[in-house]
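Peer 1: What shape does this take:
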Amino acid sequence: MSRVGKKPILIPKNVKVSVTGNTVLVEGPKGKLTLEAHPKMTVEAKADQVLVSRHSDEKTDMALHGLTRTLINNMVVGTTTGYQKELEIQGVGFRAQVSGKKLVLQLGFSHPVEFHIPEGIVIEAPKPTQVVIKGIDKQKVGETAAEIRAIFPPEPYKGKGIRYVGEYVRKKVGKAVG
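Peer 2: Reported below is the predicted structural model:
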């Protein structure tokens, strides 16, 4: 039994959820998001809550039940409070700045790296060594943060690179001269 899928999703007063067939539309103060639910799932929107139910107890249906409920809940949270990921840049001369619809990164390469900011995402650089990614779509925020981190992931010898705030990088001992 899916314990996550059984929980009702509580809808705040400033959020409107409408279900048409298998399409779920969530409108909130920060924007609107849509989800095409799986055909085996049934989504019902009541006055102050959303319920997700499944047709059978097959293993895949039980997995989809919890997934669908979580995706709709992420949409409700995203349209009310939004999501954000923070990255920090470590290394001598490494810095970031936002110019227009681009994030320009100086990472010790022979050229600056330009990252085009996708639609629906806001990127800020409050400090030269800090990047904040904000948006209402949790998946898009996480994917954007992962793409930026992949430009120069933290290396294990000196720890230089782009990492999530609070991420621990295990350091390796360098080559012993002897």
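
Peer 1: In the protein, mark out all the strands, start to finish.
Peer 2: With DSSP state E as the definition, the chain shows strands at residue ranges 9-10, 16-20, 23-28, 31-36, 41-45, 49-54, 83-90, 95-99, 102-106, 113-116, 121-124, 130-135, 161-164.

Peer 1: export the ones you listed to TSV and tack on distance to P153?
Peer 2: Any C-beta I mention is one placed from the backbone N, CA and C, and that applies to glycine too. Shown next, in TSV, are those (distance: least, Cβ to Cβ, whole Å):
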stretch	distance to P153
strand 9-10	35
strand 16-20	38
strand 23-28	34
strand 31-36	30
strand 41-45	37
strand 49-54	37
strand 83-90	11
strand 95-99	15
strand 102-106	13
strand 113-116	13
strand 121-124	18
strand 130-135	14
strand 161-164	5
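
Peer 1: To R170, which of those lies closest?
Peer 2: strand 161-164 (12.0 Å; Cβ to Cβ).

Peer 1: got a list of contacts for the closest one?
Peer 2: With contact meaning Cβ atoms under 8 Å, 6 or more residues apart in numbering, strand 161-164 is reached by 85-91, 105, 107, 131, 145, 148-149, 151-155, 169.

Peer 1: For the protein, name the helix or strand with the lowest mean pLDDT.
Peer 2: Lowest by mean pLDDT, DSSP states H and E among the helices and strands of the chain is helix 3-6, with a mean of 86.

Peer 1: Which elements pack onto that helix?
Peer 2: The elements that helix 3-6 packs onto, with contact taken as 3 or more Cβ pairs under 8 Å, 6 or more residues apart in numbering; DSSP states H and E, are strand 49-54, helix 59-80.

Peer 1: Nearest to K40, out of the ones you listed?
Peer 2: K40 lies closest to helix 59-80 among the helices and strands packed on helix 3-6, at 5.5 Å (Cβ to Cβ).

Peer 1: Check the offset of that closest one from the chain's centre.
Peer 2: Helix 59-80 has its C-alpha centroid displaced from the chain centroid by 14 Å (Cα atoms, centre = their mean, to the nearest Å).

Peer 1: Mind giving me the packing neighbours of that helix?
Peer 2: Judged by 3+ Cβ pairs under 8 Å, 6+ apart, helix 59-80 is in contact with helix 3-6, strand 9-10, strand 23-28, strand 31-36, strand 41-45, strand 49-54, helix 138-151.

Peer 1: again, 6 Å this time
Peer 2: Helices and strands in packing contact with helix 59-80 are listed as helix 3-6, strand 23-28, strand 31-36, strand 49-54; criterion 3 or more Cβ pairs under 6 Å, 6 or more residues apart in numbering; DSSP states H and E.
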